[in-house]
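> Take a look and give me a structure for this.
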Amino acid sequence: MKTIRIAASDYAVTSVVVLKSSKAEVVRTFGIELKEGRNKLIISKLPTTIEKQSVRTKIVGKDGTSVENKTYLSDAVCSLMDNAEVDPTTNTIRALELKKSGLESEKKMLDTQAEVMVTYARSLTGEFASPDAVDAFLDAFNVRGKKNIEAVMRIEEQIMEVDKKIQEEKRKKTLVKGSVNMELAVMIIAESDTQIQFHLTYVVNNTKWSPSYELHAVTSEDGKPSRMVSLHYHASIKQATGENWTDASLTLSTVATDTVTKNIPVLEPVEIYMIPSYVHRPQAPVIIQESRSRTPPVHYHRAASSVSPRRHRSRSHSRAHSPRSRRSRSHSPQVHVVPISFRVPPGFAAAQERETDDDAVFVLSDDGDEDDDALEINARGRRKTEEALTKMVTQTPMTLTYAVRGKADIPSDGKEHTVTVAILTFEADIEYVSVPRVDPRVFLQCQVKNTSEYRLLPGPVSVILDNNYVSRTRFSDVKRNDTFTFTLGDDPSITISYERLSKIVKEGTHTFAESIDITTYATTITAHNTHQFSIEKLVVRDAVPVSANDQRIKVLLRKPQELLEAQEGVFVDVKDAGKSVEPNTSAGEEGMLKVRWEKEQDGLYEYKWGVGAENTAKFETTFDVKGPADLKYSFANFDIKARA
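A predicted model of the protein is given here:
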């Protein structure tokens, strides 16, 4: 039997798949010469954190062809080495120290030689030596002395180099995280002498990877930002397995082996139990709306746990012609109020469809409020409303893999090392955004659609503009065709100002009328574009007050009138902008003044318009705050914090 010993640290790692569960799958390849008969292969200095159950082996020929009919494995054992406590770097340091000791001994010999020469020279006197003999000795002393000095200098230089190597090895020893005390013994039987490629695959612990990004944007000579941006997709990898991944092919995976279910789950039966009436608490009635057909109503009942009061936030600002009033139902359905008596499991309505008439339509109210969302189901199970009942969904985790470009070197030092996954190019939709009541600066905001084949996993993003660091943000989880936004800092070439004036008018001053105070606020926003190019999209955000806890205080929006009928999130054109706003006609429809509710319930709105080169835009918002004269109130977040 032939015994073949291999130190894994003498061979480079072939490839590594880094997983998200602090594990990595490592592949190594060893070239081995087998003898006919039994060959025992011992591979030492493998990572101690190897999961023994994950070890897999494969034998192929030298040219990669199969040799299963000529060689086969009969046994494979993975265990800790007997000398597990021995530091693998000790032998290297010991050899360097021995070399240093030999150089120091050689230097001492040269020092002794120089001392003998000096002692002999001091013993010479004119009584026993002629002048010619002294001259000859001095010449020889000079030549030998120079040689001695040169030899000492060379040795000192060699000692210095050895000291550096020793310090470097000691430094590496402190940097290396993990240990390599695992040993694998494999018995291979060959029909004849042959050369093979032995592939070893195993899973190790103490690894980690996380995505990071750099988003690069550029501007032209006149300061206009380019719509094309590039995203550098990086990965930060660190490992402490005890082995260095040198010149290895890296693949990053989102799979977490610890979370994979190994067995098919067992489905338990679903049972319905009656609840005794004496444990019932008073409940709100369930409202059942009858369909337009003459099918008799079916009474459904609900458990105590399924009824919960819903809090509604009242609309705090009044609108002269509310579109909500026009959305009322034209037909008021007949309502049957049924007391609650027993529990109905989720999905019971669908199960009962087979027992009802095909034309029957039932509306199950979520609580006692008839204005709440409901689910309408016909005999064929079609949805009749935009929102359905809440359902629990389990989804198989999706595994994503990313191949790192080129080869990579990741030492086992526990430190983060950055590699490049891809460089992606996107087209950005650029807007200039300002919140002048809080900060009069104008910020460049870019909205980008992920049109690449990559899913952008959660991670930090460094924003770079013209090779200058601008800001740092973070991706949540950007799937393909999803959009993400980022800012490129502020643009000092666009100045913006915010002014607000107010006046108070009294109402109801006669004897029997309640005295009312009406305060009119006029807000003026002025933006000046000093660029030599037009701004296609300038967005300015502001808010009108909302009543927080007293409905006696009313807020009436007077200007712009178009905002009164606008739906939340939908821009509408402002037709009566006045001479104070000069639209950017070169920008087409984008140059016209638009306004929309950003969040109507909170009174948040925003303007959007285009401003021409070296042009100024100005617009006013007017609203009234109406309340009893004897009622004292105050504003929150209403102060102008900064002025241009």
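> Determine the next helix or strand in the C-terminal direction from the helix or strand hosting residue 159.
Assigned by DSSP states H and E, residue 159 falls within helix 131-175. Sequence-wise, the next helix or strand downstream of helix 131-175 (DSSP H and E) is strand 182-190.
> returning to that earlier point: who does the helix holding residue 159 touch, helix- and strand-wise?
helix 90-123 (3 or more CB pairs under 8 Å, 6 or more residues apart in numbering; DSSP states H and E). C-beta: built from backbone N, CA, C; applies to glycine.
> quick one: the helix it packs on to chain centroid distance?
61 Å (CA atoms, centre = their mean, to the nearest Å).
> pLDDT value on the residue nearest the centre of the chain, please?
Centroid check for the chain by CA atoms, centre = their mean gives residue 458 as the closest residue, at 1.6 Å. If you check residue 458, the pLDDT there is 93.
> you'd agree it is up against residue 475?
Yes: at 5.7 Å, residue 458 counts as touching residue 475 under the criterion of CB atoms under 8 Å.
> Identify the contacts common to these two.
residue 211 (CB atoms under 8 Å, 6 or more residues apart in numbering).
> Next up, the contacts around the residue nearest to the centre of the chain.
By CB under 8 Å, 6+ apart, residue 458 lies in contact with 211, 474, 475, 476, 477.
> what packs against the helix or strand in which residue 424 is found?
Following DSSP H and E, one finds residue 424 within strand 417-435. Here strand 417-435 touches strand 207-217, strand 228-239, strand 401-403, strand 408-410, strand 439-449, strand 494-507, strand 535-543, going by 3+ CB pairs under 8 Å, 6+ apart.
> Determine which of these approaches residue 174 most closely.
strand 228-239 (16.4 Å; CB to CB).
> Against residue 541, how distant is residue 424?
30 Å (CB to CB, to the nearest Å).
> In terms of neighbours, single out the busier of those two.
residue 424 (19 against 16; other CB atoms under 10 Å).
> hey, what's that one bridged with?
On the basis of DSSP bridges, residue 424 is bridged to residue 231.
> Which pLDDT value goes with it?
Predicted confidence (pLDDT) for residue 424: 94.
> who are the neighbours in contact with it?
230, 231, 233, 452, 454.
> and which of those is nearest residue 536?
Set against residue 536, the nearest of the contacts of residue 424 by CB to CB is residue 230 (22.1 Å).
> pretty sure that closest one contacts residue 427?
No: contact criterion CB under 8 Å: residue 230 and residue 427 do not qualify, at 11.0 Å.
> and the end-to-end length of stretch 601-620?
21 Å (CA to CA, to the nearest Å).
> Would you mark the buried spots in it?
Within stretch 601-620, the residues that count as buried by 16 or more other CB atoms under 10 Å are 603-612, 615, 617-620.
> Now the two most distant members of these.
With CB to CB as the measure, no two of the buried residues of stretch 601-620 lie farther apart than 603 and 612, at 30.5 Å.
> Where does residue 473 sit, in terms of helix or strand?
strand 468-475.
> Can you tell me the number of residues neighbouring residue 250?
25.
> got a list of what residue 156 touches?
Residue 156 touches residue 107, counting by CB under 8 Å, 6+ apart.
> tell me the pLDDT at it?
At residue 156, pLDDT is 92.
> Residue 66 now?
So, for residue 66, pLDDT stands at 74.
> go on, residue 615?
91.
> excluding its backbone neighbours, what's nearest residue 483?
Closest residue in space to residue 483, ignoring its immediate chain neighbours: residue 449 at 5.0 Å, by CB to CB, 6 or more residues apart in numbering.
> actually residue 70, not the one I wrote
residue 191 is the one closest to residue 70 (CB to CB, 6+ apart), at 5.0 Å.
> sorry, back to before: can you verify my assumption that the residue nearest to residue 483 contacts residue 456?
No: with contact defined as CB under 8 Å, residue 449 does not reach residue 456; the gap is 11.5 Å.
> Distance of residue 29 relative to residue 19?
On the measure of CB to CB, residue 29 and residue 19 end up 21 Å apart.
> Mind checking which of the two has more residues around it?
Shown here are residue 29 and residue 19; by other CB under 10 Å, residue 19 has more neighbours (21 against 16).
> Can you check the pLDDT for the more buried one?
91.
> and if you look at residue 302?
Reported pLDDT at residue 302 in the predicted model: 40.
> Whichever helix or strand comes after the strand holding residue 473: partners in the sheet, and parallel or antiparallel?
As assigned by DSSP H and E, the chain's next helix or strand after strand 468-475 is strand 483-490. Paired neighbours of strand 483-490 in the sheet (DSSP bridges): strand 439-449 (antiparallel).
> got the buried residues for the strand it pairs with?
Residues of strand 439-449 classed as buried: 440, 441, 442, 443, 444, 445, 446, 448 (neighbour count, 16+ other CB under 10 Å).
> Give me the below-cutoff pLDDT ranges for the stretch 51-200 of the chain.
Along the stretch 51-200 of the chain, segments meeting pLDDT under 70 span 80-89, 126-127.
> err, the stretch 251-400 of the chain, not the other one
Using pLDDT under 70, the flagged stretches of the stretch 251-400 of the chain are 257-262, 277-398.
> For residue 52, which residues are in contact?
residue 78.
> Please report the distance of it from residue 203.
Going from residue 52 to residue 203 by CB to CB gives 10 Å.
> just residue 232 next, same as before
Distance from residue 232 to residue 203, by CB to CB: 30 Å.
> Of those two, which one has the most company?
A count of neighbours by other CB under 10 Å puts residue 203 above the other of residue 232 and residue 203, at 22 against 18.
> Pretty sure the more buried one sits against residue 56.
No: the criterion here is CB under 8 Å, and residue 203 misses it with residue 56 at 9.5 Å.
> C-terminal to the helix or strand harbouring residue 60, which secondary structure element comes first?
Using DSSP H and E, residue 60 sits within strand 56-61. The first helix or strand that comes after strand 56-61 along the chain, using DSSP H and E, is strand 71-80.
> Pull the distance from that following strand to the chain's centre.
From the chain centre to the centre of strand 71-80 is a distance of 42 Å (CA atoms, centre = their mean).
> How about stretch 516-531?
Put simply, stretch 516-531 sits 40 Å off its chain's centre (CA atoms, centre = their mean).
> Repeat that for stretch 160-173.
40 Å.
> Of all the residues in it, which ones are buried?
So for stretch 160-173, counting by 16+ other CB under 10 Å, buried means 162, 166.
> going forward, begin numbering at 813 instead of 1
That works, and once the first residue is 813, the last one we named lands at stretch 972-985.
> hey, C-alpha coordinates of it in CSV?
Extracted C-alpha coordinates of stretch 972-985, given in CSV (Å, rounded to 0.1, in the frame of the first residue of the first chain):
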residue,chain,number,x,y,z
MET,A,972,18.4,41.9,9.4
GLU,A,973,16.5,40.3,6.5
VAL,A,974,15.9,37.2,8.6
ASP,A,975,14.6,39.4,11.5
LYS,A,976,12.1,41.0,9.1
LYS,A,977,10.9,37.6,7.9
ILE,A,978,10.5,36.4,11.5
GLN,A,979,8.5,39.6,12.3
GLU,A,980,6.4,39.1,9.2
GLU,A,981,5.6,35.5,10.1
LYS,A,982,4.7,36.6,13.6
ARG,A,983,2.5,39.3,12.2
LYS,A,984,0.8,36.9,9.9
LYS,A,985,0.3,34.6,12.8
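> so which of the contacts of residue 1270 comes closest to residue 1227?
The shortest gap between residue 1227 and any of the contacts of residue 1270 belongs to residue 1023, at 17.4 Å (CB to CB).
> residues in contact with the closest one?
Residue 1023 touches 1045, 1046, 1047, 1048, 1233, 1268, 1269, 1270, 1271, 1287, counting by CB under 8 Å, 6+ apart.
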